[in-house]
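Asks: Give me a model of this one.
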Amino acid sequence: MGTVLNIGMIGLDTSHVSAFAKLLNDSQHEYHVPGGRVTAAYPGGSPDFELSWSRLPGFRKELTEAYDVKIVSEPEAVAEQCDAILLMSVDGRVHLEQLRRIAPFRRPVFVDKPFAVNSADAGQMAELAGKFDFPLMSCSALRYAEALTQALGSSEHGEIIGADYYGPMELQPTQPGFYWYGIHTAEMLYRTLGIGCRSVQVTTSENHDQVTGVWADGRVGTLRGNRRGNKTFGGLVHREKNTSFVDPYAYAKPYYASLLERIMQLFRDGRPDIAMGETLEIIRFLEAANESRETGRAVAL
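Replies: Have a look, this model is predicted:
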């Protein structure tokens, strides 16, 4: 790999395409992330998902006209021409197949959220990374919001004993239940509490969902999803001696820039910032939450 990496995108149907391309390719951007440029892309797109096909033409046009990105006809062509891959497709259902097609090239890959929309696909994706020996990482950008990093950075008020996060909880039929927007707050919760959740129970109504997770050590973490009014993210980190409010909008630095810094670290040294075991547990957590949302009962992970 050269000093400046050639980065490929697979899937041009999400606003994250524009956010990442600006931060990587525009050296004058206030929060420019150096070390790589998006140089090639495969558009992809899902014809049965309106938020995919309706947005794809605009993001494709932006990449070609603003950043001179080469458009190719197959995911394999992206992997052939690039040093590292951003698998951006907004539709989590297609991630396994797209990853399967590029896995033999052994490029480091970041998969945008959601990693997968069921545990079976997630497990197969992890197996591909092991079989072909390439670095693989996935998460929501909210995991690296500066406010959350600051809240977790100091232990002067004791150990973390719990956490509560909230955010919008829109539903999309093609991305079951919590996979569409619940992934954001789940990533924040897991960065705070780590792995070890043993059961999940959901209380649901027309406008809200409340997820309660119980960890093996007795800690409790909750997620509140809103479909009425407030569309912002935030949360509380509870320590032994105080509680900190996490406001992702309190810092000027966008969380996409903070995430891209971790991604570029992955692309340079091959070391994911998140263990695959944690990513797999997050997907199972969301899956269990969906099961509980349907049945009203607690579900074991």
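Asks: use CA for all of it now, contacts and neighbours both
Replies: OK.
Asks: got the residue ranges for the helices in this structure?
Replies: When secondary structure is read from DSSP state H, the chain shows helices at 15-25, 50-53, 56-67, 75-81, 95-102, 119-132, 146-152, 182-193, 255-269, 276-295.
Asks: Of all those, which one is nearest residue 3?
Replies: When the helices of the chain are compared for distance to residue 3 using Cα to Cα, the nearest one is helix 255-269, at 9.4 Å.
Asks: Give the other helices and strands that that closest one contacts.
Replies: Using 3 or more Cα pairs under 8 Å, 6 or more residues apart in numbering; DSSP states H and E as the contact criterion, the secondary-structure elements in contact with helix 255-269 are helix 15-25.
Asks: which residues touch the helix it packs on?
Replies: Residues outside helix 15-25 that contact it (Cα atoms under 8 Å, 6 or more residues apart in numbering) are 9, 29, 31-38, 59, 62-63, 67, 88, 256-257, 260.
Asks: Strands of the stretch 101-250 of the chain, residue ranges please.
Replies: Under the criterion DSSP state E, counting those that start in this stretch, strands of the stretch 101-250 of the chain are mapped to 109-112, 136-139, 160-168, 197-204, 208-215, 220-226, 234-239, 243-246.
Asks: can you give me the offset of stretch 167-175 from its chain's centre?
Replies: On the basis of Cα atoms, centre = their mean, to the nearest Å, the separation between the geometric centre of stretch 167-175 and that of its chain is 15 Å.
Asks: should've said stretch 28-41
Replies: Taking Cα atoms, centre = their mean, one finds the center of stretch 28-41 at 19 Å from the center of the full chain.
Asks: That stretch: end-to-end distance?
Replies: End-to-end distance of stretch 28-41: 22 Å, with Cα to Cα, to the nearest Å as the criterion.
Asks: Flag the helix or strand of the protein with the lowest per-element mean pLDDT.
Replies: Taking mean pLDDT, DSSP states H and E as the measure, the helix or strand of the chain with the lowest value is helix 50-53, at a mean of 93.
Asks: Any buried residues in it, and which?
Replies: Across helix 50-53, burial judged by 16 or more other Cα atoms under 10 Å covers 51, 52, 53.
Asks: and what of stretch 184-194?
Replies: Counting neighbours by 16+ other Cα under 10 Å, one finds that the buried residues in stretch 184-194 are 184, 185, 186, 187, 188, 189, 190, 191, 192, 193.
Asks: swap in stretch 85-102?
Replies: So stretch 85-102, judged by 16+ other Cα under 10 Å, has buried residues 85-96, 98-99, 102.
Asks: Residue 14 is in contact with residue 43, correct?
Replies: No. Assessed by Cα atoms under 8 Å, residue 43 is found out of contact with residue 14, at 10.5 Å.
Asks: where do the contact lists of those two overlap?
Replies: Counting by Cα under 8 Å, 6+ apart, the common neighbours of residue 43 and residue 14 are residue 56.
Asks: which non-adjacent residue is nearest residue 290?
Replies: Of all residues beyond its chain neighbours, the one nearest residue 290 is residue 177 (5.8 Å), with distances taken as Cα to Cα, 6 or more residues apart in numbering.
Asks: looking at it, that neighbour is touching residue 288, isn't it?
Replies: No. Between residue 177 and residue 288 no contact is recorded; they are 10.5 Å apart, counting by Cα under 8 Å.
Asks: Please name the residues that touch residue 168.
Replies: Contact criterion Cα under 8 Å, 6+ apart gives 181, 182, 225, 226, 227, 230, 231, 232, 233 as the residues in contact with residue 168.
Asks: give me the beta-bridge partners of the fourth one?
Replies: The residues listed as beta-bridge partners of residue 226 by DSSP bridges are residue 168, residue 208.
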